[in-house]
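Enquirer: the following block contains a protein sequence and its predicted model.
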Amino acid sequence: MSDKPILRYTLGREERLKSRKKISALFAAGKVIPLPPFRLLYQIHPELPALQMGVAVSTRNFKKAVDRNRIKRLIREAYRLQKNELKNSLEQQQRGLSLFIIYTGKALPDYALVFEKTGKLLDALMKKTNEIPQ
RNA sequence: GAUGAUCGGCAGACUGUCGCUUCCUGAAAGGGAGGAGGAAAGUCCGGACAGCAUAGAGCAACGCACCCUGUGACAAGCGGGGGAUUGAUUCUUUCUUGGAAUCAAUACAGAAAGUGCCACAGAAAAUUACCGCCCGCCCCAUCGGGGCGGGCAAGGGUGAAAACGUGAGGUAAGGGCUCACGGUCGCAAUGGUAACAUUGUUGACGGGUAAACCUUGUGUGCUGAAAUGCCAUGUAAACUGUCGCUUGAGAACUGCUCGUUCAAUGACAGAGGGUAGGCAGAUUGAUCCCGGCGUGCAAAUGACGGGACAGAUAAAUGACGGUCGGCAGAUUUUGAAAAAGAUUUGUCAACAGAAUCCGGCUUAUUGUAGAUCAUUCAUA
RNA sequence: CGGGACGUGGCGCAGCCCGGUAGCGCACUUGUAUGGGGUGCAAGGGGUCGCUAGUUCGAAUCUAGUCGUCCCGA
(Lines give C-alpha, C1' and ligand atoms only; values in the text may rest on other atoms or scores of the structure.)
Protein backbone atom coordinates (compact mmCIF):
# COMPACT_ATOMS: atom_id res chain seq x y z
CA MET A 1 0.00 0.00 0.00
CA SER A 2 1.31 3.43 -0.94
CA ASP A 3 1.14 6.54 1.25
CA LYS A 4 0.19 8.63 -1.73
CA PRO A 5 -3.52 9.55 -1.56
CA ILE A 6 -5.82 8.32 -4.30
CA LEU A 7 -6.09 10.99 -6.94
CA ARG A 8 -9.55 12.52 -6.96
CA TYR A 9 -10.91 14.76 -9.66
CA THR A 10 -12.66 17.35 -7.49
CA LEU A 11 -13.67 20.95 -7.98
CA GLY A 12 -15.01 22.08 -4.65
CA ARG A 13 -15.75 25.48 -3.24
CA GLU A 14 -12.19 26.25 -2.13
CA GLU A 15 -10.86 25.44 -5.61
CA ARG A 16 -12.99 28.10 -7.28
CA LEU A 17 -12.22 31.77 -7.42
CA LYS A 18 -14.92 33.47 -5.37
CA SER A 19 -13.43 36.58 -3.80
CA ARG A 20 -14.38 39.79 -5.47
CA LYS A 21 -11.05 41.32 -4.48
CA LYS A 22 -8.93 38.58 -6.06
CA ILE A 23 -10.93 38.75 -9.26
CA SER A 24 -10.44 42.51 -9.48
CA ALA A 25 -6.71 42.07 -8.93
CA LEU A 26 -6.56 39.36 -11.57
CA PHE A 27 -8.30 41.48 -14.18
CA ALA A 28 -6.15 44.50 -13.33
CA ALA A 29 -2.70 42.83 -13.22
CA GLY A 30 -3.05 39.31 -14.64
CA LYS A 31 -1.29 37.98 -17.73
CA VAL A 32 -3.07 36.58 -20.76
CA ILE A 33 -2.69 33.41 -22.84
CA PRO A 34 -4.94 33.72 -25.91
CA LEU A 35 -6.05 30.51 -27.61
CA PRO A 36 -9.15 31.08 -29.66
CA PRO A 37 -11.94 30.59 -28.83
CA PHE A 38 -10.60 30.93 -25.29
CA ARG A 39 -8.62 33.47 -23.28
CA LEU A 40 -6.85 32.54 -20.07
CA LEU A 41 -6.01 35.12 -17.42
CA TYR A 42 -3.55 34.07 -14.71
CA GLN A 43 -1.63 35.56 -11.81
CA ILE A 44 0.98 33.88 -9.60
CA HIS A 45 1.12 34.75 -5.93
CA PRO A 46 2.98 33.22 -2.97
CA GLU A 47 -0.01 32.27 -0.80
CA LEU A 48 -0.93 28.67 -0.52
CA PRO A 49 -4.50 27.99 -1.66
CA ALA A 50 -2.70 26.51 -4.57
CA LEU A 51 -5.03 26.76 -7.51
CA GLN A 52 -8.24 28.73 -7.88
CA MET A 53 -10.18 29.14 -11.10
CA GLY A 54 -13.15 30.98 -12.53
CA VAL A 55 -15.12 30.90 -15.75
CA ALA A 56 -16.87 33.60 -17.75
CA VAL A 57 -18.95 33.80 -20.90
CA SER A 58 -20.00 37.12 -22.37
CA THR A 59 -23.65 38.07 -22.36
CA ARG A 60 -22.98 39.88 -25.59
CA ASN A 61 -22.18 36.70 -27.48
CA PHE A 62 -24.75 34.47 -25.78
CA LYS A 63 -28.00 36.15 -24.94
CA LYS A 64 -29.59 33.08 -23.40
CA ALA A 65 -28.71 32.00 -19.88
CA VAL A 66 -29.07 28.33 -20.87
CA ASP A 67 -26.23 28.61 -23.39
CA ARG A 68 -23.95 30.48 -21.00
CA ASN A 69 -24.53 27.92 -18.28
CA ARG A 70 -23.79 25.04 -20.63
CA ILE A 71 -20.47 26.47 -21.80
CA LYS A 72 -19.38 27.19 -18.25
CA ARG A 73 -20.26 23.66 -17.18
CA LEU A 74 -18.33 22.15 -20.07
CA ILE A 75 -15.25 24.23 -19.26
CA ARG A 76 -15.41 23.34 -15.58
CA GLU A 77 -15.77 19.67 -16.40
CA ALA A 78 -12.75 19.68 -18.74
CA TYR A 79 -10.69 21.64 -16.19
CA ARG A 80 -11.67 19.30 -13.36
CA LEU A 81 -10.34 16.25 -15.17
CA GLN A 82 -7.04 17.83 -16.27
CA LYS A 83 -5.86 20.25 -13.60
CA ASN A 84 -4.28 17.81 -11.11
CA GLU A 85 -0.82 17.80 -12.70
CA LEU A 86 -0.56 21.58 -12.48
CA LYS A 87 -1.86 21.54 -8.93
CA ASN A 88 0.75 19.06 -7.74
CA SER A 89 3.52 21.03 -9.37
CA LEU A 90 2.42 24.22 -7.65
CA GLU A 91 2.13 22.53 -4.26
CA GLN A 92 5.70 21.29 -4.55
CA GLN A 93 6.85 24.84 -5.35
CA GLN A 94 4.75 26.24 -2.48
CA ARG A 95 3.00 28.97 -4.43
CA GLY A 96 -0.48 29.79 -5.62
CA LEU A 97 -2.09 30.66 -8.88
CA SER A 98 -5.36 32.37 -9.79
CA LEU A 99 -6.70 31.75 -13.25
CA PHE A 100 -9.75 32.75 -15.19
CA ILE A 101 -10.97 31.14 -18.41
CA ILE A 102 -13.06 33.33 -20.70
CA TYR A 103 -14.90 31.96 -23.69
CA THR A 104 -14.78 34.47 -26.52
CA GLY A 105 -16.24 32.42 -29.36
CA LYS A 106 -19.68 33.03 -30.78
CA ALA A 107 -20.86 29.45 -31.45
CA LEU A 108 -21.78 26.77 -28.96
CA PRO A 109 -18.77 24.39 -28.63
CA ASP A 110 -19.02 20.62 -28.09
CA TYR A 111 -17.30 18.78 -25.26
CA ALA A 112 -14.43 17.28 -27.34
CA LEU A 113 -13.24 20.73 -28.47
CA VAL A 114 -13.45 22.20 -24.97
CA PHE A 115 -11.52 19.24 -23.52
CA GLU A 116 -8.72 19.51 -26.08
CA LYS A 117 -8.30 23.29 -25.83
CA THR A 118 -8.38 23.29 -22.05
CA GLY A 119 -5.61 20.67 -22.03
CA LYS A 120 -3.46 22.85 -24.26
CA LEU A 121 -4.08 25.89 -22.05
CA LEU A 122 -3.01 23.99 -18.93
CA ASP A 123 0.15 22.71 -20.67
CA ALA A 124 1.07 26.24 -21.66
CA LEU A 125 0.46 27.39 -18.11
CA MET A 126 2.72 24.63 -16.74
CA LYS A 127 5.60 25.84 -18.91
CA LYS A 128 5.10 29.47 -17.87
CA THR A 129 5.05 28.66 -14.15
CA ASN A 130 8.23 26.59 -14.45
CA GLU A 131 9.99 29.35 -16.39
CA ILE A 132 9.17 32.06 -13.88
CA PRO A 133 11.54 31.83 -10.93
CA GLN A 134 10.42 32.09 -7.34
C1' G B 1 -62.10 6.72 -39.30
C1' A B 2 -59.86 11.39 -41.47
C1' U B 3 -59.08 16.82 -41.36
C1' G B 4 -59.39 21.53 -38.82
C1' A B 5 -60.29 24.70 -34.47
C1' U B 6 -60.56 25.38 -29.18
C1' C B 7 -59.66 23.68 -24.20
C1' G B 8 -56.20 21.33 -21.46
C1' G B 9 -52.56 17.22 -19.03
C1' C B 10 -47.53 15.23 -19.28
C1' A B 11 -42.46 16.93 -20.31
C1' G B 12 -39.41 9.61 -21.45
C1' A B 13 -38.24 5.91 -17.29
C1' C B 14 -34.50 3.15 -14.72
C1' U B 15 -29.33 2.73 -13.97
C1' G B 16 -23.27 2.74 -13.85
C1' U B 17 -18.61 5.82 -13.33
C1' C B 18 -16.64 10.75 -12.21
C1' G B 19 -18.34 15.54 -10.12
C1' C B 20 -21.46 20.11 -7.88
C1' U B 21 -24.87 21.85 -3.98
C1' U B 22 -28.38 21.90 0.60
C1' C B 23 -29.88 19.23 4.86
C1' C B 24 -29.35 14.98 8.31
C1' U B 25 -25.90 11.59 10.64
C1' G B 26 -20.77 10.67 12.20
C1' A B 27 -14.74 12.16 16.22
C1' A B 28 -13.12 11.52 11.21
C1' A B 29 -13.13 8.85 6.74
C1' G B 30 -17.57 8.23 4.98
C1' G B 31 -22.91 7.22 4.60
C1' G B 32 -28.14 8.69 3.69
C1' A B 33 -32.11 12.02 1.74
C1' G B 34 -33.38 16.12 -1.53
C1' G B 35 -31.93 19.37 -5.92
C1' A B 36 -35.38 24.10 -12.20
C1' G B 37 -40.23 25.62 -15.30
C1' G B 38 -44.92 25.73 -17.70
C1' A B 39 -43.46 29.44 -19.09
C1' A B 40 -38.17 29.69 -14.13
C1' A B 41 -38.49 34.37 -19.79
C1' G B 42 -40.49 39.52 -20.86
C1' U B 43 -40.83 42.89 -16.52
C1' C B 44 -46.54 44.88 -18.51
C1' C B 45 -49.57 45.15 -13.81
C1' G B 46 -51.15 44.08 -8.64
C1' G B 47 -49.95 42.56 -3.76
C1' A B 48 -47.19 40.35 0.53
C1' C B 49 -42.98 42.04 3.26
C1' A B 50 -39.51 46.04 5.02
C1' G B 51 -38.04 51.17 6.13
C1' C B 52 -39.54 56.13 6.59
C1' A B 53 -44.07 59.35 11.69
C1' U B 54 -49.55 56.36 14.17
C1' A B 55 -48.94 57.51 7.18
C1' G B 56 -51.90 63.57 8.00
C1' A B 57 -54.42 67.74 4.64
C1' G B 58 -54.64 70.46 -0.09
C1' C B 59 -52.84 71.11 -5.08
C1' A B 60 -50.29 68.70 -8.90
C1' A B 61 -49.20 64.03 -11.30
C1' C B 62 -50.55 59.14 -12.71
C1' G B 63 -54.00 54.82 -13.18
C1' C B 64 -59.03 52.95 -13.89
C1' A B 65 -64.39 53.33 -16.05
C1' C B 66 -71.87 48.84 -17.72
C1' C B 67 -74.00 46.22 -12.96
C1' C B 68 -73.93 42.48 -8.93
C1' U B 69 -70.73 38.96 -6.89
C1' G B 70 -66.13 35.68 -5.66
C1' U B 71 -60.81 35.94 -4.94
C1' G B 72 -55.33 37.85 -0.10
C1' A B 73 -57.85 42.06 -3.59
C1' C B 74 -61.09 49.41 -2.03
C1' A B 75 -59.43 50.34 -7.41
C1' A B 76 -57.05 47.49 -11.50
C1' G B 77 -56.44 41.98 -12.94
C1' C B 78 -58.68 37.14 -13.17
C1' G B 79 -63.23 33.89 -12.33
C1' G B 80 -68.94 33.40 -11.95
C1' G B 81 -73.81 35.46 -13.00
C1' G B 82 -76.52 39.41 -15.41
C1' G B 83 -77.41 43.90 -18.78
C1' A B 84 -76.55 46.88 -23.29
C1' U B 85 -74.55 47.26 -28.21
C1' U B 86 -72.65 44.92 -32.66
C1' G B 87 -72.16 40.58 -35.85
C1' A B 88 -73.40 35.50 -37.51
C1' U B 89 -76.83 31.34 -37.78
C1' U B 90 -81.69 29.27 -37.12
C1' C B 91 -86.91 29.85 -36.30
C1' U B 92 -91.23 32.99 -36.70
C1' U B 93 -93.93 36.73 -39.55
C1' U B 94 -97.49 39.26 -45.25
C1' C B 95 -91.89 41.40 -48.48
C1' U B 96 -89.34 44.92 -45.57
C1' U B 97 -89.37 46.71 -40.54
C1' G B 98 -89.86 43.66 -36.31
C1' G B 99 -89.84 39.38 -32.54
C1' A B 100 -87.51 34.83 -30.32
C1' A B 101 -83.43 31.36 -29.53
C1' U B 102 -78.22 30.00 -29.83
C1' C B 103 -73.16 31.38 -30.50
C1' A B 104 -69.27 35.04 -30.73
C1' A B 105 -67.09 39.89 -29.88
C1' U B 106 -66.80 44.60 -27.02
C1' A B 107 -60.30 50.03 -24.23
C1' C B 108 -69.58 49.66 -23.19
C1' A B 109 -68.86 57.00 -17.93
C1' G B 110 -69.88 61.97 -20.33
C1' A B 111 -70.12 65.16 -27.08
C1' A B 112 -77.27 68.13 -24.00
C1' A B 113 -70.69 72.02 -19.16
C1' G B 114 -66.80 74.45 -22.05
C1' U B 115 -62.52 74.87 -25.72
C1' G B 116 -60.15 72.90 -30.07
C1' C B 117 -60.04 70.09 -34.70
C1' C B 118 -62.79 67.98 -39.12
C1' A B 119 -57.30 67.93 -45.04
C1' C B 120 -59.17 67.73 -50.37
C1' A B 121 -63.95 68.58 -52.38
C1' G B 122 -68.14 71.59 -51.37
C1' A B 123 -72.19 77.46 -50.98
C1' A B 124 -71.63 75.76 -46.08
C1' A B 125 -68.04 71.09 -41.55
C1' A B 126 -72.08 74.05 -37.36
C1' U B 127 -75.17 81.01 -36.14
C1' U B 128 -74.57 77.72 -44.19
C1' A B 129 -76.86 79.54 -49.02
C1' C B 130 -73.62 78.26 -55.09
C1' C B 131 -77.33 76.47 -58.59
C1' G B 132 -82.27 76.92 -56.95
C1' C B 133 -87.86 77.79 -54.97
C1' C B 134 -91.28 81.90 -53.60
C1' C B 135 -93.20 87.13 -52.62
C1' G B 136 -92.97 92.56 -53.34
C1' C B 137 -91.12 96.85 -56.07
C1' C B 138 -88.50 98.88 -60.37
C1' C B 139 -86.43 98.61 -65.54
C1' C B 140 -86.46 96.46 -70.61
C1' A B 141 -90.58 94.38 -72.55
C1' U B 142 -93.94 89.35 -76.88
C1' C B 143 -93.71 84.37 -73.96
C1' G B 144 -89.78 86.25 -70.91
C1' G B 145 -85.16 88.54 -69.05
C1' G B 146 -82.47 91.73 -65.58
C1' G B 147 -81.81 94.65 -60.94
C1' C B 148 -83.04 95.78 -55.74
C1' G B 149 -85.32 94.30 -50.97
C1' G B 150 -87.18 90.20 -48.32
C1' G B 151 -88.74 84.93 -47.15
C1' C B 152 -87.11 79.51 -47.56
C1' A B 153 -84.00 75.25 -47.00
C1' A B 154 -87.65 70.97 -50.46
C1' G B 155 -84.54 69.41 -54.99
C1' G B 156 -79.34 69.38 -57.45
C1' G B 157 -74.26 68.73 -56.76
C1' U B 158 -69.66 67.76 -52.93
C1' G B 159 -68.05 64.75 -49.10
C1' A B 160 -66.42 59.78 -44.50
C1' A B 161 -70.17 62.95 -42.46
C1' A B 162 -75.05 68.00 -44.56
C1' A B 163 -78.74 70.14 -39.73
C1' C B 164 -84.18 63.72 -36.41
C1' G B 165 -86.06 59.77 -40.67
C1' U B 166 -90.42 58.19 -43.85
C1' G B 167 -95.30 59.51 -45.50
C1' A B 168 -99.35 62.94 -45.46
C1' G B 169 -101.48 67.70 -44.48
C1' G B 170 -100.60 72.73 -44.73
C1' U B 171 -98.10 76.90 -47.29
C1' A B 172 -96.62 82.28 -51.71
C1' A B 173 -92.58 78.80 -51.43
C1' G B 174 -91.03 76.11 -47.50
C1' G B 175 -89.87 74.47 -42.62
C1' G B 176 -91.59 69.41 -36.38
C1' C B 177 -95.30 74.33 -38.69
C1' U B 178 -99.16 70.24 -37.77
C1' C B 179 -100.46 64.91 -37.82
C1' A B 180 -99.32 59.31 -38.12
C1' C B 181 -95.50 55.74 -37.45
C1' G B 182 -90.43 55.31 -35.97
C1' G B 183 -85.64 57.24 -33.47
C1' U B 184 -82.65 59.82 -29.65
C1' C B 185 -82.56 62.61 -25.07
C1' G B 186 -85.09 64.46 -20.62
C1' C B 187 -88.94 63.66 -16.87
C1' A B 188 -92.45 60.39 -14.27
C1' A B 189 -94.45 55.60 -12.82
C1' U B 190 -93.80 50.29 -12.38
C1' G B 191 -90.40 45.88 -12.03
C1' G B 192 -85.34 44.73 -10.57
C1' U B 193 -80.01 44.76 -5.08
C1' A B 194 -78.18 47.21 -9.58
C1' A B 195 -76.76 47.85 -14.72
C1' C B 196 -81.24 48.15 -17.16
C1' A B 197 -86.16 47.04 -19.05
C1' U B 198 -91.38 48.25 -19.87
C1' U B 199 -95.17 51.92 -20.06
C1' G B 200 -96.64 56.98 -20.17
C1' U B 201 -95.39 62.01 -21.50
C1' U B 202 -99.35 70.19 -22.83
C1' G B 203 -91.30 68.32 -22.79
C1' A B 204 -86.90 68.77 -26.38
C1' C B 205 -84.57 67.59 -31.48
C1' G B 206 -78.39 69.56 -29.85
C1' G B 207 -73.22 66.18 -36.79
C1' G B 208 -68.45 63.54 -35.56
C1' U B 209 -64.07 63.28 -32.48
C1' A B 210 -62.75 62.47 -25.29
C1' A B 211 -56.95 55.94 -27.84
C1' A B 212 -57.78 65.86 -28.65
C1' C B 213 -57.74 69.15 -24.23
C1' C B 214 -61.25 68.24 -20.73
C1' U B 215 -65.58 67.09 -17.13
C1' U B 216 -67.66 63.46 -13.63
C1' G B 217 -66.83 59.32 -10.50
C1' U B 218 -63.06 56.43 -8.25
C1' G B 219 -58.09 54.80 -6.59
C1' U B 220 -52.84 55.74 -5.41
C1' G B 221 -48.24 58.68 0.87
C1' C B 222 -42.95 57.70 -0.91
C1' U B 223 -38.95 54.26 -1.54
C1' G B 224 -37.71 49.06 -2.99
C1' A B 225 -34.11 42.90 -1.16
C1' A B 226 -28.49 46.91 -4.04
C1' A B 227 -35.09 47.51 1.07
C1' U B 228 -33.97 46.65 6.12
C1' G B 229 -31.61 44.73 11.00
C1' C B 230 -27.13 42.78 13.29
C1' C B 231 -21.91 41.26 13.51
C1' A B 232 -16.85 41.58 11.73
C1' U B 233 -12.73 44.58 9.56
C1' G B 234 -10.95 49.63 9.82
C1' U B 235 -10.03 54.80 10.79
C1' A B 236 -10.96 59.92 12.56
C1' A B 237 -15.15 62.37 18.58
C1' A B 238 -9.22 64.26 13.15
C1' C B 239 -8.99 68.61 8.84
C1' U B 240 -11.36 72.92 5.79
C1' G B 241 -15.78 76.03 4.76
C1' U B 242 -20.91 77.69 5.85
C1' C B 243 -24.94 77.87 9.25
C1' G B 244 -26.75 77.14 14.18
C1' C B 245 -27.17 76.16 19.85
C1' U B 246 -34.24 76.59 22.03
C1' U B 247 -36.71 83.47 19.04
C1' G B 248 -33.94 76.61 16.56
C1' A B 249 -29.33 75.16 11.75
C1' G B 250 -31.53 71.25 9.93
C1' A B 251 -33.90 66.21 9.69
C1' A B 252 -38.27 62.84 9.11
C1' C B 253 -35.76 58.91 1.40
C1' U B 254 -42.46 62.88 -1.70
C1' G B 255 -42.97 67.70 -7.51
C1' C B 256 -45.04 72.02 -4.42
C1' U B 257 -47.57 74.25 -0.06
C1' C B 258 -49.29 73.46 4.86
C1' G B 259 -49.54 70.83 9.32
C1' U B 260 -47.22 67.40 12.79
C1' U B 261 -42.95 65.22 15.16
C1' C B 262 -37.69 65.10 16.28
C1' A B 263 -33.55 68.22 16.99
C1' A B 264 -27.57 70.46 20.31
C1' U B 265 -20.89 65.25 22.77
C1' G B 266 -25.04 70.00 16.43
C1' A B 267 -26.21 70.07 10.96
C1' C B 268 -24.78 70.44 5.82
C1' A B 269 -20.95 70.62 2.06
C1' G B 270 -15.77 69.69 0.53
C1' A B 271 -11.42 66.88 0.53
C1' G B 272 -9.60 62.40 2.42
C1' G B 273 -9.77 57.37 4.68
C1' G B 274 -11.96 52.28 5.64
C1' U B 275 -14.98 48.12 4.03
C1' A B 276 -16.92 45.86 -0.35
C1' G B 277 -16.87 39.78 4.09
C1' G B 278 -20.51 36.98 7.18
C1' C B 279 -25.49 36.13 9.49
C1' A B 280 -30.68 37.33 9.46
C1' G B 281 -34.33 38.97 5.61
C1' A B 282 -34.50 33.75 2.57
C1' U B 283 -37.23 29.81 1.14
C1' U B 284 -43.51 26.09 4.82
C1' G B 285 -46.68 30.27 2.57
C1' A B 286 -53.10 34.78 2.25
C1' U B 287 -49.06 28.00 -0.63
C1' C B 288 -50.59 23.98 -4.05
C1' C B 289 -53.08 19.15 -5.04
C1' C B 290 -56.65 15.08 -3.82
C1' G B 291 -61.13 13.15 -1.10
C1' G B 292 -66.05 13.04 0.73
C1' C B 293 -69.39 16.51 3.77
C1' G B 294 -71.77 21.57 4.60
C1' U B 295 -73.04 26.63 2.26
C1' G B 296 -73.90 28.92 -2.63
C1' C B 297 -77.62 29.28 -9.21
C1' A B 298 -72.33 29.40 -10.13
C1' A B 299 -67.34 31.02 -9.55
C1' A B 300 -65.93 29.91 -4.89
C1' U B 301 -65.61 28.89 0.21
C1' G B 302 -65.70 26.51 5.55
C1' A B 303 -64.06 22.86 8.91
C1' C B 304 -62.04 17.78 8.57
C1' G B 305 -58.64 13.81 6.57
C1' G B 306 -54.41 12.69 3.34
C1' G B 307 -50.20 14.21 0.31
C1' A B 308 -46.37 17.67 -1.92
C1' C B 309 -42.91 21.79 -1.82
C1' A B 310 -35.04 23.53 -4.87
C1' G B 311 -32.28 27.31 -2.20
C1' A B 312 -27.29 28.77 -5.38
C1' U B 313 -24.61 33.74 -4.20
C1' A B 314 -18.32 34.92 -9.87
C1' A B 315 -23.94 31.91 -8.63
C1' A B 316 -25.31 24.16 -7.62
C1' U B 317 -28.89 20.81 -10.48
C1' G B 318 -23.43 18.59 -14.89
C1' A B 319 -20.15 15.13 -18.23
C1' C B 320 -19.55 10.30 -20.54
C1' G B 321 -21.99 5.51 -20.98
C1' G B 322 -25.80 1.24 -20.58
C1' U B 323 -30.89 -1.05 -20.59
C1' C B 324 -36.10 -0.62 -21.57
C1' G B 325 -39.79 2.16 -24.18
C1' G B 326 -41.61 5.63 -28.20
C1' C B 327 -40.75 7.49 -33.26
C1' A B 328 -38.32 7.25 -38.23
C1' G B 329 -35.32 4.65 -41.97
C1' A B 330 -32.90 0.20 -44.07
C1' U B 331 -32.36 -5.23 -44.59
C1' U B 332 -34.67 -9.87 -44.08
C1' U B 333 -38.53 -14.04 -42.91
C1' U B 334 -43.87 -15.50 -43.37
C1' G B 335 -47.77 -13.92 -46.70
C1' A B 336 -51.51 -13.06 -52.90
C1' A B 337 -51.93 -8.37 -50.35
C1' A B 338 -52.73 -5.71 -45.94
C1' A B 339 -49.89 -6.74 -42.01
C1' A B 340 -46.82 -9.24 -38.29
C1' G B 341 -41.97 -10.83 -36.45
C1' A B 342 -36.49 -10.49 -36.31
C1' U B 343 -31.80 -7.75 -37.06
C1' U B 344 -29.57 -3.08 -37.45
C1' U B 345 -28.88 2.46 -37.76
C1' G B 346 -30.41 7.29 -36.10
C1' U B 347 -32.94 10.19 -32.45
C1' C B 348 -35.31 11.39 -27.44
C1' A B 349 -36.50 16.34 -28.64
C1' A B 350 -39.14 22.23 -28.73
C1' C B 351 -39.02 26.81 -26.01
C1' A B 352 -35.93 27.47 -22.40
C1' G B 353 -32.27 27.86 -16.37
C1' A B 354 -34.81 29.64 -10.15
C1' A B 355 -32.01 34.58 -7.61
C1' U B 356 -37.17 37.70 -1.72
C1' C B 357 -42.01 35.40 -2.35
C1' C B 358 -47.09 35.09 -4.39
C1' G B 359 -51.25 36.19 -8.09
C1' G B 360 -52.54 37.98 -13.02
C1' C B 361 -51.10 39.37 -18.14
C1' U B 362 -48.00 38.72 -22.50
C1' U B 363 -44.65 36.18 -25.55
C1' A B 364 -41.67 31.46 -27.12
C1' U B 365 -42.57 26.19 -28.10
C1' U B 366 -41.70 19.77 -29.40
C1' G B 367 -44.11 15.21 -29.36
C1' U B 368 -48.26 12.80 -27.51
C1' A B 369 -52.70 10.50 -24.24
C1' G B 370 -57.62 13.08 -23.64
C1' A B 371 -62.32 16.33 -23.97
C1' U B 372 -65.66 19.52 -26.91
C1' C B 373 -67.26 21.55 -31.57
C1' A B 374 -67.41 21.80 -37.04
C1' U B 375 -66.78 19.43 -41.92
C1' U B 376 -66.51 14.94 -44.62
C1' C B 377 -66.50 9.52 -45.60
C1' A B 378 -68.11 4.44 -44.39
C1' U B 379 -71.57 1.06 -41.92
C1' A B 380 -76.36 0.08 -39.50
C1' C C 1 -32.89 43.59 -9.38
C1' G C 2 -34.35 48.56 -10.76
C1' G C 3 -34.48 52.73 -14.24
C1' G C 4 -34.24 55.11 -19.30
C1' A C 5 -33.69 56.03 -24.71
C1' C C 6 -34.11 54.65 -29.83
C1' G C 7 -36.03 51.70 -34.53
C1' U C 8 -38.13 56.38 -41.08
C1' G C 9 -34.50 55.21 -48.76
C1' G C 10 -27.76 51.93 -48.86
C1' C C 11 -25.64 55.22 -44.33
C1' G C 12 -26.53 59.38 -40.80
C1' C C 13 -30.79 62.18 -39.36
C1' A C 14 -35.68 65.60 -39.52
C1' G C 15 -41.02 65.13 -39.47
C1' C C 16 -44.54 62.67 -34.33
C1' C C 17 -45.99 67.12 -29.18
C1' C C 18 -50.97 69.61 -32.13
C1' G C 19 -53.37 62.99 -37.25
C1' G C 20 -54.50 64.47 -44.04
C1' U C 21 -48.12 66.58 -48.72
C1' A C 22 -42.96 61.46 -46.10
C1' G C 23 -38.25 65.48 -46.41
C1' C C 24 -32.56 66.85 -45.74
C1' G C 25 -27.19 65.62 -46.33
C1' C C 26 -23.88 61.87 -48.20
C1' A C 27 -24.15 57.73 -51.56
C1' C C 28 -26.48 55.75 -56.52
C1' U C 29 -28.14 56.36 -61.97
C1' U C 30 -28.39 59.42 -66.43
C1' G C 31 -27.05 63.75 -69.16
C1' U C 32 -23.56 67.81 -69.63
C1' A C 33 -18.61 70.53 -69.29
C1' U C 34 -13.06 67.73 -70.00
C1' G C 35 -8.58 64.31 -74.36
C1' G C 36 -9.78 61.16 -69.65
C1' G C 37 -10.67 61.45 -64.31
C1' G C 38 -11.70 64.42 -59.97
C1' U C 39 -14.89 68.44 -59.44
C1' G C 40 -19.03 71.59 -60.96
C1' C C 41 -24.07 72.01 -63.16
C1' A C 42 -28.92 69.79 -64.45
C1' A C 43 -32.37 65.85 -64.10
C1' G C 44 -33.93 61.17 -62.02
C1' G C 45 -34.69 56.50 -59.27
C1' G C 46 -35.11 54.33 -54.56
C1' G C 47 -38.84 54.11 -48.24
C1' U C 48 -43.86 47.50 -45.85
C1' C C 49 -41.95 54.66 -41.48
C1' G C 50 -39.44 47.38 -36.80
C1' C C 51 -43.99 44.09 -36.45
C1' U C 52 -49.39 43.04 -35.09
C1' A C 53 -54.03 44.82 -33.65
C1' G C 54 -57.31 48.96 -32.38
C1' U C 55 -59.43 54.27 -32.36
C1' U C 56 -60.63 57.55 -36.54
C1' C C 57 -63.61 59.22 -42.76
C1' G C 58 -58.14 59.03 -42.60
C1' A C 59 -52.30 56.77 -38.54
C1' A C 60 -44.94 57.49 -39.61
C1' U C 61 -47.80 60.59 -35.94
C1' C C 62 -52.79 58.61 -31.09
C1' U C 63 -53.60 53.83 -27.93
C1' A C 64 -52.40 48.72 -26.62
C1' G C 65 -49.38 44.55 -27.27
C1' U C 66 -44.90 42.59 -29.22
C1' C C 67 -39.74 42.11 -31.44
C1' G C 68 -34.91 44.16 -31.69
C1' U C 69 -30.74 47.58 -30.45
C1' C C 70 -28.26 50.62 -26.98
C1' C C 71 -27.35 53.15 -22.31
C1' C C 72 -27.42 54.07 -16.86
C1' G C 73 -27.58 52.78 -11.40
C1' A C 74 -23.39 49.78 -5.69
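Expert: In hand now; what should we look at?
Enquirer: how about the residues of chain A near RNA strand B?
Expert: A:8-13, A:16-21, A:23-24, A:54-56, A:64-66, A:69-70, A:72-74, A:77, A:80-81, A:110-111 (Cβ under 7 Å from any atom of the strand). Glycine gets a C-beta too; all of them are placed from N, C-alpha and C.
Enquirer: now, of those residues, which are buried?
Expert: Neighbour counting over these (16 or more other Cβ atoms under 10 Å) leaves A:Leu17, A:Ile23, A:Gly54, A:Val55, A:Ala56, A:Lys72, A:Leu74, A:Glu77 as the buried ones.
Enquirer: let's have those in TSV, adding pLDDT.
Expert: Shown next, in TSV, are these (pLDDT from 0 to 100):
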residue	pLDDT
A:Leu17	83
A:Ile23	82
A:Gly54	88
A:Val55	88
A:Ala56	86
A:Lys72	88
A:Leu74	88
A:Glu77	88
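Enquirer: make CSV from those and add secondary structure to it.
Expert: Below are these laid out as CSV (DSSP: H, G, I helix; E, B strand; the rest coil):
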residue, secondary structure
A:Leu17, coil
A:Ile23, helix
A:Gly54, strand
A:Val55, strand
A:Ala56, strand
A:Lys72, helix
A:Leu74, helix
A:Glu77, helix
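Enquirer: ranges for the helices of chain A?
Expert: A:20-29, A:65-82, A:84-93, A:111-131 (DSSP state H).
Enquirer: out of those helices, which is closest to A:Phe100?
Expert: helix A:20-29 (5.8 Å; Cβ to Cβ).
Enquirer: what is that closest one packed up against?
Expert: strand A:38-45, strand A:96-103 (3 or more Cβ pairs under 8 Å, 6 or more residues apart in numbering; DSSP states H and E).
Enquirer: mind checking how far the last one is from the chain centre?
Expert: What separates the centre of strand A:96-103 from the centre of its chain is 4 Å, taken as Cα atoms, centre = their mean, to the nearest Å.
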